[in-house]
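Enquirer: From the sequence below, what's the structure:
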Amino acid sequence: MSNPIHRVGVLVFDGMKLLDLAGPTEVFGEANHFGADYRVGLVSVDGRDVRTSLGMRIPVDAAATSAEAFDTMIVTGGETFPANEVTDDLASAAFSMSHRASRTASICTGAFVLAAAGLLDGKRATTHWHHARELAKRYPSIQVEADAIVVQDGSTHSSAGVTAGIDLALTLLEQDEGVDVARQVARALVVYLRREGGQTQFADSLIVPVGEGSLLQGVVNAITADPAGEHTASSMAALARVSPRHLSRLFRDELSMSPSKYVELVRLDKAKSLLDMGHSVTRVAEDSGFVSSESLRRAFITHVSIPPSKYQHRFSSTRGRASAPTRTV
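Expert: Sure, this is the predicted structure:
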């Protein structure tokens, strides 16, 4: 008995990221070595070849209007978005392909293409961490999960940035062929079937900037200048020359968080910077304003999804790193 054919159509465009295409399609190609039968076709708006953000030419198989129906439609991401608006032609191509497919997916900023086509309205979705706030701002009906690597909402999938396209493809593969095949492919490609932690661990900062002329400007400047300082509700309110209750309202209205959470995120940014430099978890907790290493650990688990020791092992310089495994704190 022959295996079912899985037809995958990838919508590409000028300025797309090469890895957004190469990573997922390698997953499907590798799966064919383990008994699967994936057929991948590349589609552009008009059927013309496209060029990646690096200028490499990518041959295209068909135009969106004449392409065959696919089981799965995937739109790549690229540096084009969100700096530029998604063109009507590209949004229409995504809409057309999606409505002839059983499953729709986006990689990285490809979520902006699906959103422009109305394919994410009222759905949960993710994109590259750097652009998650912009996606939520531009399309308020979407429930953006900024920390997620892959999000599934019904038959619609979205992934975080760049290499997360591999995670997305492994998720689709597991749905099609089962976990055993997906695990074999992950091992062959030397990647995790499910990576630990969310994409927030890669973010350079979790802080939302305040608007120009905000009453909170002096407060956030003071917190940023001295994360380990004693930033109480009263002291912060005094800096803003408002009552503590009014201060809380300002933080909620402008930054969608409480003053204490903002302080914690600033301290977390400081802690990440110190961990990157190789300082011990105990010293990092003290210098960034956490009352203990356990308090620091809880903040990391809450906001980064991994403990500080694992974060440090992944992102600090390899120079001088001990060969012995680090203890999880």
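Enquirer: these two touch, right, G9 and S66?
Expert: No. In this structure, G9 is not within contact of S66 by Cβ atoms under 8 Å, at 11.9 Å. Any C-beta I mention is one placed from the backbone N, CA and C, and that applies to glycine too.
Enquirer: Show me which of those two is the more surrounded one.
Expert: Applying other Cβ atoms under 10 Å to G9 and S66 shows that G9 carries more neighbours, namely 25 against 8.
Enquirer: Buried ones in the lowest-mean-pLDDT helix or strand in the chain, by neighbour count?
Expert: For the chain, the helix or strand with the lowest mean confidence is helix 308-315, at a mean of 87 (criterion: mean pLDDT, DSSP states H and E). By neighbour count with 16 or more other Cβ atoms under 10 Å, helix 308-315 contains the buried residues P308, S309, K310, Y311, Q312.
Enquirer: before we move on, what about stretch 140-155?
Expert: Result for stretch 140-155 [16+ other Cβ under 10 Å]: buried residues I142, V144, E145, A146, D147, A148, I149, V150, V151, Q152.
Enquirer: Which parts of the stretch 151-300 of the chain are helices?
Expert: Shown for the stretch 151-300 of the chain, the helices assigned by DSSP state H, counting those that start in this stretch span residues 164-177, 179-188, 217-225, 233-240, 244-255, 259-276, 281-288, 293-303.
Enquirer: Can you tell me the centre-most residue of the protein?
Expert: A160 (3.0 Å; Cα atoms, centre = their mean).
Enquirer: Just the pLDDT for that residue.
Expert: We have a pLDDT of 93 for A160.
Enquirer: show me the contacts for it.
Expert: Applying Cβ atoms under 8 Å, 6 or more residues apart in numbering, we find A160 in contact with C108, T126, T127, H128, W129, A148, I149, V150, D167, Q199.
Enquirer: ok, the second one to V50 distance?
Expert: Using Cβ to Cβ, to the nearest Å, T126 is found at 24 Å from V50.
Enquirer: These two: which is more packed in?
Expert: Neighbours were counted for T126 and for V50 using other Cβ under 10 Å; T126 has more, 28 against 21.
Enquirer: For the more buried one, what are phi and psi?
Expert: Phi and psi for T126, reported as degrees, to the nearest 10, are phi -140, psi 170.
Enquirer: if I look at it, how far off is Q143?
Expert: Using Cβ to Cβ, T126 is found at 10 Å from Q143.
Enquirer: how does this protein divide up, domain by domain?
Expert: Annotated domains of the chain cover 5-201, 217-315 [automatic domain parsing].
Enquirer: Tell me which helix or strand comes right after the helix or strand hosting K137.
Expert: Secondary structure assigned from DSSP states H and E places K137 in helix 132-138. Downstream of helix 132-138, the first helix or strand assigned by DSSP H and E is strand 143-144.
Enquirer: And that next one, what does it pack against?
Expert: Here strand 143-144 touches strand 124-125, helix 132-138, going by 3 or more Cβ pairs under 8 Å, 6 or more residues apart in numbering; DSSP states H and E.
Enquirer: Check which helices and strands the first one sits against.
Expert: Just to be clear, that refers to strand 124-125. helix 110-116, strand 143-144, strand 150-153.
Enquirer: and for the second one, what are the contacting residues?
Expert: With contacts defined as Cβ under 8 Å, 6+ apart, strand 143-144 is touched by K123, R124, A125, T126, T127, A132, R133, L135, A136.
Enquirer: before we move on, the earlier item: quick one: the helices of the stretch 151-300 of the chain as JSON lines, columns for mean neighbour count, distance to T156 and mean pLDDT too.
Expert: Below are those laid out as JSON lines (neighbours: other Cβ atoms under 10 Å; distance: least, Cβ to Cβ, whole Å; pLDDT from 0 to 100):
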{"stretch": "helix 164-177", "mean neighbour count": "24", "distance to T156": "12", "mean pLDDT": "96"}
{"stretch": "helix 179-188", "mean neighbour count": "18", "distance to T156": "20", "mean pLDDT": "95"}
{"stretch": "helix 217-225", "mean neighbour count": "16", "distance to T156": "37", "mean pLDDT": "92"}
{"stretch": "helix 233-240", "mean neighbour count": "17", "distance to T156": "41", "mean pLDDT": "94"}
{"stretch": "helix 244-255", "mean neighbour count": "16", "distance to T156": "30", "mean pLDDT": "92"}
{"stretch": "helix 259-276", "mean neighbour count": "21", "distance to T156": "30", "mean pLDDT": "92"}
{"stretch": "helix 281-288", "mean neighbour count": "19", "distance to T156": "39", "mean pLDDT": "95"}
{"stretch": "helix 293-303", "mean neighbour count": "17", "distance to T156": "26", "mean pLDDT": "93"}
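Enquirer: Appreciated, that's everything.
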